[in-house]
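[1] Could you look at this predicted model? Sequence included:
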Amino acid sequence: MRRKRRNDPVFNRLEKKAAAKLAKQISPGAGLVFAGFGAAIFLANRMIPKIADDYPFSFIWDGRTHGNLTFGKHEYRRVRTAADLVRSQISHYKTWSGRIVAETLNQLVLMKDDKIVYDCINTAAVLIQLHLCLWAGRGKAGLKKIPARLALMLSGGYWFCTPDFTVTSLWTTGAANYSWPGILQSAFLLPYALHYQGRHVSMPKSVMALSGLLAGWSNEAGGGLALVMSAAAAAAEKKRGTLKSWMVPGIAGAVAGYALLMLAPGNFCRFRLEQEYSDILPTDLSDPSMVPVKDQYTPTMFKHYLKHSFSSVILRELPLQVPVATYFLRKESRDAETTKFLLAMEAASFAVPAILMFSPQFPKRAAYPGIIYAMTAAVKAADSLDLPASAGRKKPVRVLTAGAGAVLAVNYLASLFVDADVYMQTEEQISILRANKDQEIVTVPDIMISPFWSRLAGDRTIDEYIKGIIRFEEDPGDPYNMAAAAFHGVGELRVEIPEGHPYTRKDKAAVRDQIFMPVRNFWRRLKELADGKRFYT
């Protein structure tokens, strides 16, 4: 019925008039919003040093001695050439994980000692992801007529609603494993989404097969969901009698990619190695993302994950659900095709954390793929709503926008202060390592995080999980310690927790330091970026 109406001249004339009326109301500020958001992401990236897994993954994967993330001696050789990369990925696939696509991207950007290449690429990646969600949600690629409010909603929603934003979208190894694969998944599903919305799509079968392969081979939750969504879209089109020849090769590629990901020998080898060589599973319920072996697949596990991970992910996405809820509440704005599209996106967004409830581990970062579908649904719903700017509505909308903007601004600045503070402490650690290469074991102070700014930043910043080049272990034999020692050319290193540090005390002087020390280190980091000279030499 909808396709027939598109051929009706009266309907087309009314549609053109409505579009012309809407065009007059469109703000030209969307480009400035995205440019500003890109600049904010780039600055945030420049405030984050190489940390945690960035060090072990800077080396060729040493599968012969149980891999770079397990305890024990390893052969450390930097990944510097294409041959090194291939050798590393073959070893990784056989002994640790099937994430060849993600880890290839990761090790490519880790070849350089400086993060500037990664920071530029990641800024572009974030903007590309937003554009893909816009494209899929609106059914068109043009950026000219995007309302500024839509750009603000998408940028602010991505920053605030993404689970573990720093881990998934800023940290080098995290972005390579979560947000960058998200682009592969979005790009693969885009033709299916456009075709469903009545756009003419003609894709080469070989391109769709390759795109499906990369999407399926990206990561477990996102790759599996991309496969399911493409299959569901193809089934819907077949029912409508509009199945295209490029759809099946895309699904076949996704099946092949997901099989290569999940059936990798390294997945089975890793499970055994983690039991034998790594102290990964907790002994109690103190870790929000894991449970002891005795509690796995018991009511205790599901209750634990529901409380700490599932509810957190779902609540995070609530701001993006506002336009979707508004769409369903306004009967005059609804149509069958848009409603089905939104229901599919919402189901996918909800499915990710729901499936993870049955996983042995449920880190919030693994739920990242859900945010892609939540953003696409929000764009589609907001774009479908024709909300005239009445005088009575302008003031509360402006107040709400200003309030949300203020909260995001405080949250963003707090994250910059924490990250810059960690960056400068990391630089101090590195300076100590370089100055003491002749010692058998080099001891460096632990990375400390200001509780004041950390509370304001929430999980939009570096936290205890990924802080520091040597994590928070005092054991020089810890795999992160060993990788960081090899990276900086020292024998062994360990951390020493500073006694009486201001970040651990509660007296007035300490509270003052908790506020001003991160701000001071932020300005030091800005000065480094401006003149190109390290503060610690």
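    That came through fine. In this text the structure is predicted, and so the values were computed from the model without any measurement.

[2] so which strand or helix has Phe302?
    helix 299-305 (DSSP states H and E).

[3] Val442 too?
    strand 441-445.

[4] Note down every partner strand of that strand and its orientation.
    strand 492-496 (parallel) (DSSP bridges).

[5] which residues are in contact with the next helix-or-strand element following the partner strand?
    Sequence-wise, the next helix or strand downstream of strand 492-496 (DSSP H and E) is helix 508-531. Helix 508-531 is contacted by residues 46-47, 416-418, 420-421, 423-425, 450-453, 502-504, 534-535 when judged by C-beta atoms under 8 Å, 6 or more residues apart in numbering. Just so you know, the C-beta spots here come from the backbone N, C-alpha and C atoms, and that holds for glycine as well.

[6] From Arg520, how far out is Met448?
    Computed as C-beta to C-beta, to the nearest Å, the Met448 to Arg520 distance reads 14 Å.

[7] neighbour-wise, which of the two wins?
    Set Met448 next to Arg520 and count neighbours by other C-beta atoms under 10 Å: Met448 wins out with 19 against 14.

[8] Now the more buried one. Nearest residue, chain neighbours left out?
    Using C-beta to C-beta, 6 or more residues apart in numbering and skipping residues adjacent in sequence, the residue nearest Met448 is Tyr503, 4.3 Å away.

[9] What distance do you get for that neighbour to Val519?
    Counting by C-beta to C-beta, the gap from Tyr503 to Val519 is 14 Å.

[10] With Thr376 instead?
    38 Å.

[11] what about stretch 182-202, average pLDDT?
    Average pLDDT, stretch 182-202: 92.

[12] any idea of the angle the helix or strand that contains Asp419 forms with helix 508-531?
    Using DSSP H and E, Asp419 sits within helix 391-435. Per axes from the mean of the first three to the mean of the last three C-alpha atoms, to 10 degrees, the angle that helix 391-435 makes with helix 508-531 is 90 degrees.

[13] Val313 contacts Ala351, correct?
    No: with contact defined as C-beta atoms under 8 Å, Val313 does not reach Ala351; the gap is 11.6 Å.

[14] who has more neighbours, the two?
    Set Val313 next to Ala351 and count neighbours by other C-beta under 10 Å: Val313 wins out with 27 against 18.

[15] wait, what's in contact with that one?
    Taking C-beta under 8 Å, 6+ apart, one finds Pro163, Val352, Pro353, Lys364, Ala367, Gly370 in contact with Val313.

[16] now with 10 Å?
    161-164, 349-350, 352-354, 356, 362, 364-368, 370-371, 374 (C-beta atoms under 10 Å, 6 or more residues apart in numbering).

[17] you'd agree it is in a helix?
    Yes: applying DSSP: H, G, I helix; E, B strand; the rest coil, one finds Val313 inside a helix.

[18] Distance of it relative to Ile41?
    21 Å.

[19] ok, back up a step: buried subset of the contacts of Val313 as a ChimeraX selection?
    Selection of buried members from the contacts of Val313 for ChimeraX, criterion 16 or more other C-beta atoms under 10 Å:
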select :161,162,163,164,349,350,352,353,356,362,364,365,366,367,368,370,371,374
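
[20] Okay, and which of the contacts of Val313 map to strands?
    Counting by DSSP state E, no part of the contacts of Val313 is found in strands.

[21] Among the contacts of Val313, which are located in helices?
    Counting by DSSP state H, the contacts of Val313 place Cys161, Ser349, Phe350, Val352, Pro353, Ala354, Leu356, Gly370, Ile371, Ala374 in helices.

[22] What remains of the contacts of helix 508-531 if I keep only buried residues?
    Buried residues within the contacts of helix 508-531, counting neighbours by 16+ other C-beta under 10 Å: 46-47, 416-418, 420-421, 423-425, 450, 452-453, 502-503.

[23] What is the most widely separated pair among those residues?
    Arg46 and Pro502 (25.4 Å; C-beta to C-beta).

[24] What backbone torsions are found at the spatially closest residue to Val101 that is not a sequence neighbour?
    Among residues not flanking Val101 along the chain, Trp217 sits closest, at 4.8 Å (C-beta to C-beta, 6+ apart). Here is the backbone geometry of Trp217 (degrees, to the nearest 10): phi -90, psi 10.

[25] residues near Trp217, how many?
    So Trp217, with other C-beta under 10 Å, has 25 neighbours.

[26] For it, report the pLDDT, please.
    96.

[27] I'd assumed Gly253 was in contact with it.
    Yes: Trp217 is in contact with Gly253 according to C-beta atoms under 10 Å; the separation is 9.2 Å.

[28] residue contacts, Ser91?
    Ile60, Trp61, Asp62, Gly63, Arg64, Gly67, Asn68, Gly266.

[29] what about Ala233, neighbour count?
    That count, for Ala233 with other C-beta under 10 Å as the rule, works out to 21.

[30] got the contact list for it?
    Residues near Ala233 by C-beta under 10 Å, 6+ apart: Leu189, Pro191, Tyr192, Ala193, His195, Tyr196, Leu243, Met247, Gly250, Ile251, Ala344.

[31] quick one on the thing from earlier: give the contact list for the residue nearest to Val101.
    Residues in contact with Trp217 (C-beta under 10 Å, 6+ apart) are 98-102, 181, 184, 223, 253-254, 256-262, 264.

[32] Weed out the non-buried ones from those residues.
    Among these, those buried by neighbour count (16+ other C-beta under 10 Å) are 98-102, 181, 184, 223, 253-254, 257-258, 260-261, 264.

[33] any shared contact partners between Tyr503 and Val519?
    Shared contacts of Tyr503 and Val519 (C-beta under 10 Å, 6+ apart): Asp421, Ser450.

[34] Now do the most centrally placed residue in the chain against Lys294, distance only.
    By C-alpha atoms, centre = their mean, the mean C-alpha position of the chain lies nearest to Thr168, the distance being 2.9 Å. The spacing between Thr168 and Lys294, counted by C-beta to C-beta, is 30 Å.

[35] Repeat that for Ala483.
    In this view, Ala483 and Lys294 are 32 Å apart by C-beta to C-beta.

[36] Of those two, give the one with the bigger neighbour count.
    Between Ala483 and Lys294, Ala483 has the larger neighbour count (other C-beta under 10 Å), namely 24 against 10.

[37] now the helix or strand containing the more buried one: mean pLDDT?
    Taking DSSP H and E as the definition, one finds Ala483 inside helix 479-488. Throughout helix 479-488, pLDDT has a mean value of 90.

[38] before we move on, what about stretch 443-452?
    92.

[39] Switch the ones in helices among the contacts of Val313 over to a markdown table; also include distance to Glu337.
    Formatted as a markdown table, the ones in helices among the contacts of Val313 follow (distance: C-beta to C-beta, whole Å):
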| residue | distance to Glu337 |
| --- | --- |
| Cys161 | 26 |
| Ser349 | 19 |
| Phe350 | 21 |
| Val352 | 24 |
| Pro353 | 27 |
| Ala354 | 26 |
| Leu356 | 30 |
| Gly370 | 23 |
| Ile371 | 24 |
| Ala374 | 20 |
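
[40] closest to Ser155 among the residues you listed?
    Cys161 (11.0 Å).

[41] care to break this protein down by domain?
    According to automatic domain parsing, the chain comprises the domains 178-278, 285-383, 397-531.

[42] Can you give the distance from the longest one to the centre of its chain?
    This means domain 397-531. Put simply, domain 397-531 sits 21 Å off its chain's centre (C-alpha atoms, centre = their mean, to the nearest Å).

[43] Equivalent analysis for the shortest one, please.
    Relative to the chain's own centre, domain 285-383 is displaced by 15 Å; criterion: C-alpha atoms, centre = their mean.

[44] Output the strand or helix carrying Leu154 in CSV, but only the C-alpha positions, please.
    Assessed by DSSP H and E, Leu154 sits inside helix 148-161. Taking C-alpha atoms only, helix 148-161 is exported to CSV below (Å, rounded to 0.1, in the frame of the first residue of the first chain):
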residue,chain,number,x,y,z
ALA,A,148,20.8,20.6,15.0
ARG,A,149,18.6,19.0,17.6
LEU,A,150,19.1,15.6,16.0
ALA,A,151,22.9,16.1,15.9
LEU,A,152,22.9,17.1,19.6
MET,A,153,20.7,14.1,20.5
LEU,A,154,23.0,11.7,18.7
SER,A,155,26.3,13.2,20.0
GLY,A,156,25.1,13.6,23.5
GLY,A,157,23.4,10.2,23.5
TYR,A,158,26.6,8.4,22.2
TRP,A,159,28.7,10.0,25.0
PHE,A,160,26.3,9.5,27.8
CYS,A,161,24.5,6.2,26.9
